[in-house]
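In: Quick check, what structure comes out for this input:
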Amino acid sequence: MIRKGRFARWNGKEYEISSRNKQVYLATTNPDDLQNGFSRLGGSTTSLLRAVEVKELEDAYEIVPYAILGGHRFAIEGYDSHTGMVKLVTNNAFAVKKVELHPYGSDEYMIELSFESITVEEDRIPILGFENRYA
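Out: Numbering: from 1, shown residues only. Here you go, the predicted structure:
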């Protein structure tokens, strides 16, 4: 599984988060969370939201997935669940000498590989005031 985006820990569980007008929302598709104060999103049967205060969160962070290929770091641009292919992107021109890459946009290079052939790693960047928590 490739995780990408903003997440928070609340009541011992991890949720995706979003914010609007300075209000933070936890998001889930687990119907069991209806018992934890989540509500259906606009009549949707799968998406559930719950408004929370930042002070209620145990942690908050952004996940940035990447893969190392030929000794170079590649951003994960996307994943096609139908084909199982992952698109990796870099702007490192030296990577072209070690890995067979294709031009992608201006000064960028890409390669598509099967999900099984790469190891996905993650940077976890603290957000919402949790930046100095571990300092």
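In: From here on, just use CA atoms for contacts and neighbour counts.
Out: OK.
In: And the residue lying closest to His72 once chain neighbours are set aside, how far from Lys87?
Out: Distance criterion CA to CA, 6 or more residues apart in numbering; nearest residue to His72, sequence neighbours excluded, is Ala95 at 6.2 Å. Note on Ala95: its distance to Lys87, by CA to CA, to the nearest Å, is 15 Å.
In: before we move on, what about Lys13?
Out: In terms of CA to CA, Lys13 sits 29 Å off from Lys87.
In: What of Glu56?
Out: Relative to Lys87, Glu56 is positioned 36 Å away (CA to CA).
In: and those two? which has more neighbours close in?
Out: Remark: of Glu56 and Lys87, Lys87 carries more neighbours, 17 against 10, as counted by other CA atoms under 10 Å.
In: Let me see the contact set for Ile118.
Out: Shown in contact with Ile118 (CA atoms under 8 Å, 6 or more residues apart in numbering): 67-68.
In: Quick check: phi and psi on it?
Out: phi -120, psi 160 (degrees, to the nearest 10).
In: quick one: it and Arg73, what's the gap?
Out: According to CA to CA, Ile118 stands 12 Å off from Arg73.
In: Direction included, what does the worst-scoring helix or strand of the chain on mean pLDDT pair against?
Out: None of the helices or strands of the chain scores lower by mean pLDDT, DSSP states H and E than strand 39-40, at a mean of 90. Strand pairing for strand 39-40, using DSSP bridges, gives strand 48-52 (antiparallel).
In: Now do the buried residues in the partner strand.
Out: Residues 48-51 are the ones in strand 48-52 that count as buried (16 or more other CA atoms under 10 Å).
In: Convert the longest strand anywhere in the chain to CSV, retaining C-alpha atoms only.
Out: Counting residues, the longest strand in the chain under DSSP state E turns out to be strand 59-69. In CSV, the C-alpha atoms belonging to strand 59-69 read as follows (Å, rounded to 0.1, in the frame of the first residue of the first chain):
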residue,chain,number,x,y,z
ASP,A,59,0.2,13.3,16.5
ALA,A,60,-0.1,14.8,13.0
TYR,A,61,2.1,14.4,10.0
GLU,A,62,2.4,14.3,6.3
ILE,A,63,3.5,11.2,4.5
VAL,A,64,5.7,11.5,1.5
PRO,A,65,6.4,8.2,-0.2
TYR,A,66,9.5,7.5,-2.2
ALA,A,67,11.6,4.7,-3.6
ILE,A,68,15.4,4.3,-4.1
LEU,A,69,16.5,3.1,-7.5
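In: That'll do, ta.
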